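K.L.:
the following comprises the amino acid sequence and a computationally predicted model.
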Amino acid sequence: MEHHHISTHTVSGETFDRTEDIVDQYHDKINLYLERLLWWNSRLNLVSRNVPRETILQHIRHSLLLSQFDAFINAELIVDAGTGGGLPGLPLAITHPDKHLVLNDLVTKKCLAIKQMAQKLQLKNIGIIDGSIEHLEQDQSFLLISKHAFKISDLIQMTSHLPWQKIVLYKGASFEQELEDISTPLNINCYNLSGYSEFYEGKSILVISR
Ligand SMILES: C[S@@+](CC[C@H](N)C(=O)[O-])C[C@H]1O[C@@H](n2cnc3c(N)ncnc32)[C@H](O)[C@@H]1O
């Protein structure tokens, strides 16, 4: 653990507010995604059962926070591992047509649902790959992102063959234990999201590099 370097940061209120502007700017497409996600969620349990519309909207805003981070701004190719119903990758693809997003999930049915949602949204900048992230093949370097899907050490191990430049993880506040089994020294910037609203209490975003 001691060999990792961890710096902690806070996130400004303006950063959260800007995601609200993005939601307004892409209102129609975000709304269509929200409707389709609710529809699929009642059939496949993509987020969690009976989740209200407003909570899904919060997850979309949470996903869009990443668009304010340099790691995302500087990336052309982004892989979202364990995307479930498309979070955070799908809202980021809607709002960033200049970037290419690859959405990955272990479960084929979930990937088929995302494919249908992407078709309805007429998204041209999305690739969908089903199967475990450990079997992904990718030569070009990319930003790896993931929201509440993997223990850090598991994801690092499963993607050791891949040319990721950085990893961005949506996490809870305590993640240190998940670093214990990692022998490669990591540089970790932890952005603490607590303090803006109840939804973000105890949440953080980690930007990890080797
Ligand atoms: C808790 S859900 C999170 C989904 C989404 N990221 C979100 O925030 O709503 C975790 C997802 O990771 C997927 N998953 C688990 N192991 C995986 C693996 N080895 N490779 C790819 N996806 C995986 C699961 O199928 C599930 O959809």
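P.N.:
On my side now, so go ahead. Numbering: from 1, shown residues only.
K.L.:
got the residues of the protein near the ligand?
P.N.:
Within the chain, the residues that sit near the ligand (Cβ under 6 Å from any ligand atom) are 47, 81-85, 87, 104-107, 110, 132-133, 147-149. C-betas here are computed from N, CA, C, even on glycine.
K.L.:
show me the strands in the chain, by range?
P.N.:
Taking DSSP state E, the strands of the chain run over residues 5-10, 77-81, 100-105, 126-130, 142-147, 164-172, 187-192, 203-209.
K.L.:
name the residues of the last one that come out as buried.
P.N.:
Neighbour counts using 16 or more other Cβ atoms under 10 Å place 203-208 of strand 203-209 among the buried residues.
K.L.:
cool, the longest one as well?
P.N.:
Along strand 164-172, these residues count as buried under the neighbour rule (16+ other Cβ under 10 Å): 164, 166-171.
K.L.:
D70: neighbour count?
P.N.:
10 (other Cβ atoms under 10 Å).
K.L.:
same question for K99.
P.N.:
K99 is flanked by 17 other residues according to other Cβ under 10 Å.
K.L.:
gap between it and the ligand?
P.N.:
18 Å (Cβ to the nearest ligand atom, to the nearest Å).
K.L.:
please report phi then psi for that residue.
P.N.:
phi -110, psi 150 (degrees, to the nearest 10).
K.L.:
same deal with P163?
P.N.:
Torsion angles, degrees, to the nearest 10, at P163: phi -90, psi 50.
K.L.:
which residues are in contact with it?
P.N.:
Shown in contact with P163 (Cβ atoms under 8 Å, 6 or more residues apart in numbering): 138-142.
K.L.:
one more time with 10 Å, if that's ok
P.N.:
When contacts are counted by Cβ atoms under 10 Å, 6 or more residues apart in numbering, P163 touches 138-142, 144.
K.L.:
what of D21?
P.N.:
L64.
K.L.:
ok, it to T15 distance?
P.N.:
Distance of D21 to T15, given as Cβ to Cβ, to the nearest Å: 11 Å.
K.L.:
what do you get for L121?
P.N.:
From L121 to T15 the distance is 25 Å (Cβ to Cβ).
K.L.:
between those two, tell me which one has more neighbours.
P.N.:
Taking other Cβ under 10 Å, L121 and T15 do not tie; L121 has more neighbours (19 against 16).
K.L.:
the more buried one reaches L32, doesn't it?
P.N.:
Yes: with contact defined as Cβ atoms under 10 Å, L121 counts as touching L32 (6.1 Å).
K.L.:
give me the common contacts of those two.
P.N.:
I94.
K.L.:
excluding chain neighbours, what is closest to S197?
P.N.:
F16 (7.9 Å; Cβ to Cβ, 6 or more residues apart in numbering).
K.L.:
who's in contact with the one you found?
P.N.:
So F16 contacts 61-62, 64-65, 68, 193, 195-197, 200 (Cβ under 10 Å, 6+ apart).
K.L.:
tabulate the residues you listed (TSV), appending neighbour count.
P.N.:
As requested, the contacts of F16 are arranged in TSV below (neighbours: other Cβ atoms under 10 Å):
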residue	neighbour count
R61	19
H62	22
L64	24
L65	24
Q68	17
L193	22
G195	11
Y196	17
S197	11
Y200	18
